[in-house]
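[1] Sharing a sequence plus its predicted fold:
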Amino acid sequence: MRKGEAMTELADKQAITEQLYRYCRSVDRLDIALGHGVFHEDAAVDYGERGFKGSGRAAIDWICAAHGGLLAHSHQISNVLIEVDGDRAGSEAYVTATLRMEREGRLVQMEVWSRYCDRWSRRDGTWRIDRRDTVTDYDCVRDVTEMYRHDRARRDGSDPSYAALAHGLQGEA
């Protein structure tokens, strides 16, 4: 592979990786518009037998509505493998989702370890998901005792991360 081809492939892989991160951010911050931008309009998803099956953008709507009542929500992506072939790509990314909620007056935490097996295409210069199949490897729910009550995180546009990212985009001093 020539240097220019290698640089193009690296840029494509980085663009796909950032879309994976945007997906996590969208569901953690309940940012529907951001999540819609990760999927092509005709994308299909299958989150498994107890999860959502349908269009990618409808999945974002469903997740944000279903998880809106949770106390906290955090997704991390790791072990990202991407194979690029022109304007098409495939990826596998490990995801750890940690969700905190109250159930019957108890504070509980659900943890889910899964993998996103995605098929991508670049259309109009932007990489988006065409198909997502989620494989859940294991999960658990357990009672938790908080160390501290944390109050800075927000699950909307008032979260401090939006100001930080906007600051970088606006070039403010």
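    Perfect, thanks for sending it.
[2] Residue 95 versus residue 51, what's the distance?
    13 Å (CB to CB, to the nearest Å). Every residue, glycine included, has its C-beta placed from N, CA and C.
[3] out of those two, which sits in the more crowded spot?
    Counted by other CB atoms under 10 Å, residue 51 and residue 95 do not tie: residue 95 has more neighbours, with 19 against 15.
[4] If you drop the residues flanking it in sequence, what lies closest to that one?
    Nearest residue to residue 95 in three dimensions, chain neighbours excluded: residue 114, at 5.2 Å (CB to CB, 6 or more residues apart in numbering).
[5] Distance check, the closest residue to residue 107 other than its chain neighbours against residue 76.
    Closest residue to residue 107 apart from its sequence neighbours, by CB to CB, 6+ apart: residue 144 at 5.4 Å. Going from residue 144 to residue 76 by CB to CB gives 18 Å.
[6] What of residue 90?
    From residue 90 across to residue 76, the span is 21 Å (CB to CB).
[7] and these two? which has more neighbours close in?
    residue 90 (16 against 12).
[8] Dig out what the more buried one forms beta bridges with.
    residue 83, residue 119 (DSSP bridges).
[9] Can you tell me the SS state at the nearest residue to residue 146 once chain neighbours are set aside?
    Spatially, and ignoring its direct neighbours in sequence, residue 146 is nearest to residue 107 (6.6 Å; CB to CB, 6+ apart). With DSSP: H, G, I helix; E, B strand; the rest coil as the basis, residue 107 sits in strand.
[10] Surely residue 107 touches residue 142?
    No. Judged on CB atoms under 8 Å, residue 107 makes no contact with residue 142 at a distance of 10.1 Å.
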